[in-house]
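**Student:** Sequence first, predicted model second:
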Amino acid sequence: MAITATKLRSDLYRVIDEVIRKGVPVEVKLRGKKVRIMPAEPQDKLANLVRRPGVIVGDPGRLAKVKTFNEAKWRRKWDKRLK
């Protein structure tokens, strides 16, 4: 995100809060030059996740055991049908 120095001056605290909250650097343009405002510590990307209780119906521990698509098995079956 890039803004002018005038916009930064008018919304300084809002811009800084947004940089801290989102972790996205802001570029400020002044007389053709750019400076960047960014958080000093890298932000943990998982920290922004929102808890959504009740989204998983049942035991979440069973998700690791769920059968997924087996492409190799599907290809063998498909090859038999083509012969």
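**Tutor:** Cool, the structure landed.

**Student:** Relative to residue 59, how far out is residue 65?
**Tutor:** Distance from residue 65 to residue 59, counting by C-beta to C-beta, to the nearest Å: 10 Å. (Each C-beta comes from the backbone N, C-alpha and C, glycine too.)

**Student:** ugh, wrong one, residue 28
**Tutor:** In terms of C-beta to C-beta, residue 28 sits 50 Å off from residue 59.

**Student:** Counting neighbours, go ahead and name the busier of those two.
**Tutor:** residue 28 (19 against 8; other C-beta atoms under 10 Å).

**Student:** My read is that the more buried one contacts residue 5, right?
**Tutor:** Yes. In this structure, residue 28 is within contact of residue 5 by C-beta atoms under 8 Å, at 5.7 Å.

**Student:** What are the boundaries of the strands in the chain?
**Tutor:** All strands of the chain, identified by DSSP state E, fall at 2-4, 26-30, 33-37.

**Student:** Report the buried residues of the last one.
**Tutor:** Right, strand 33-37. residue 37 (16 or more other C-beta atoms under 10 Å).
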